[in-house]
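Next comes the sequence, and after it the predicted model I'd like to discuss.
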Amino acid sequence: MIATSNRTVVDELALRHLDAAYNLGRWLLGSEQDAADAVHDAYLRAARASDTYAGGNARAWWLAIVRNCCLARLSLRNKDKHNVAIDANPAAAERWLPRAEAEEIEERLDDSRRSQRLDVHLRNLPVTYREVLILREIEELSYREIADVLETPIGTVMSRLARGRALLQKALTEDGSMEIPHGL
């Protein structure tokens, strides 16, 4: 049984950083449903382990639990040799684009295709590089917070970030179909 005060703290923490947790899970797992399941698992783990929280950056503690749940799911997935579709069906994406003026449709389609290519290249990065890019560029965590989440030295975070950016830039350059996004 979880003490009420600890459960309240975990509830508040999970709600405050739910979007970041879900976003991290989605990028690591490549599936919205798997991300939701991983965040749920993380919530249960956090609630059970709330008595062991020693203070410090609560956001980093929460995201570290989410990350560990995601990595556990990836490990199971790799054992089962199940593959997850990396990209969405472009024909379906075009069909579901919101209706707009004729001149805006092509621009939106180009944006959608660029976004899909970036998504594919980001998902093809090894997890060690992808997770630091997501935590830094999308979740805007500091190097120190990322180091806390990953339980690794800050120098390792910096080198993985540099290597991840270089790999993503190389993939986008070889693709030749888009400019390098600002900040990556």
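Cool, the structure landed. Residues are numbered from 1 along each chain as shown.

Touching, residue 124 and residue 172? I think so.
No: here residue 124 does not reach residue 172: they are 11.1 Å apart, not a contact under C-beta atoms under 8 Å. Heads up, the C-betas are built off the backbone N, CA and C, glycines and all.

So for those two, which sits in the more crowded spot?
Between residue 124 and residue 172, residue 172 has the larger neighbour count (other C-beta atoms under 10 Å), namely 20 against 12.

Hmm, residue 114 and the more buried one touching each other?
No: using C-beta under 8 Å, residue 172 is not in contact with residue 114, being 9.7 Å away.

host element of the most centrally placed residue in the chain?
Nearest to the geometric centre of the chain sits residue 24, at 2.6 Å (C-alpha atoms, centre = their mean). Applying DSSP states H and E as the criterion places residue 24 in helix 18-29.

Please point out which parts of that helix sit buried.
20-29 (16 or more other C-beta atoms under 10 Å).

Also stretch 105-124?
112, 117-118, 121-123.

any weak-confidence spans in this protein?
Within the chain, the stretches with pLDDT under 70 are 1-6, 80-103, 177-184.

quick one, domains of it?
As assigned by the TED database, the chain contains the domains 1-86, 108-179.

how far away is the closest residue to residue 175 other than its chain neighbours from residue 132?
Excluding the flanking residues, the one nearest residue 175 by C-beta to C-beta, 6 or more residues apart in numbering is residue 117, at 6.0 Å. Distance of residue 117 to residue 132, given as C-beta to C-beta, to the nearest Å: 21 Å.

Which element, helix or strand, includes residue 55?
Counting by DSSP H and E, residue 55 is part of no helix or strand.

ok, it - how many residues close by?
6.

re the thing from before, which elements pack onto the helix holding residue 24?
helix 32-49, helix 58-80, helix 127-133 (3 or more C-beta pairs under 8 Å, 6 or more residues apart in numbering; DSSP states H and E).

Go again with 10 Å.
On a contact count with 3 or more C-beta pairs under 10 Å, 6 or more residues apart in numbering; DSSP states H and E, helix 18-29 meets helix 32-49, helix 58-80, helix 102-124, helix 127-133.

Buried residues in the helix or strand just after the last one, which are they?
In other words, helix 127-133. Going down the chain from helix 127-133, the next helix or strand is helix 143-150, by DSSP H and E. Residues of helix 143-150 classed as buried: 145-150 (neighbour count, 16+ other C-beta under 10 Å).
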